[in-house]
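S.K.: Just the structure for this:
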Amino acid sequence: MNKTGKRGRPKKENVMETIAVRLPYEIILEIDNYVNRLKKQFQGMNVTRADAIRQLINNGLNANPKESKNPDIEEEKRRFWD
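M.R.: Reported below is the predicted structural model:
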């Protein structure tokens, strides 16, 4: 029997939740413009709207490092993004 592993896509180490968010059309346009800027900056890299939204949320959450943060959340973020 072949013990090289199962066929198909390997399991992800991190589990991501799916959330639905309603956004005004203007914000969606700004996100799409941001995606296009990233695509021009990093040619050949496939940047999606979801990638951009994750990056923007992460940047926003890290914008004010002076605020006290929950160490459990920090550890979870490290595990999530590593």
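
S.K.: What are the boundaries of the helices in this structure?
M.R.: In the chain, the segments counted as helices under DSSP state H are 25-41, 49-61, 71-81.

S.K.: Just list what the shortest one packs against, helices and strands only.
M.R.: This points to helix 71-81. Helices and strands touching helix 71-81, as assessed by 3 or more C-beta pairs under 8 Å, 6 or more residues apart in numbering; DSSP states H and E, are absent. In this view, the C-beta of every residue, glycine as well, is placed from N, C-alpha and C.

S.K.: Now that helix: average pLDDT?
M.R.: Average pLDDT, helix 71-81: 72.

S.K.: Run through who's touching it.
M.R.: Outside helix 71-81, the residues that touch it by C-beta atoms under 8 Å, 6 or more residues apart in numbering are 14, 58.

S.K.: would you put the C-alpha positions of the worst-scoring helix or strand of the chain on mean pLDDT in CSV?
M.R.: None of the helices or strands of the chain scores lower by mean pLDDT, DSSP states H and E than helix 71-81, at a mean of 72. Coordinates of each C-alpha in helix 71-81 appear next as CSV, following Å, rounded to 0.1, in the frame of the first residue of the first chain:
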residue,chain,number,x,y,z
PRO,A,71,-2.3,38.4,25.0
ASP,A,72,-4.5,35.5,24.1
ILE,A,73,-5.7,37.3,21.0
GLU,A,74,-2.1,38.2,20.1
GLU,A,75,-1.0,34.5,20.3
GLU,A,76,-4.0,33.5,18.2
LYS,A,77,-3.1,36.2,15.6
ARG,A,78,0.5,34.9,15.5
ARG,A,79,-0.7,31.3,15.0
PHE,A,80,-3.2,32.5,12.3
TRP,A,81,-0.8,34.5,10.2
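
S.K.: Can you give me the pLDDT of the most centrally placed residue in the chain?
M.R.: For the chain, the residue nearest the mean C-alpha position is residue 54 (3.3 Å; C-alpha atoms, centre = their mean). Note for residue 54: predicted pLDDT of 93.

S.K.: What separation do you get for it and residue 28?
M.R.: As defined by C-beta to C-beta, to the nearest Å, residue 54 lies at a distance of 15 Å from residue 28.
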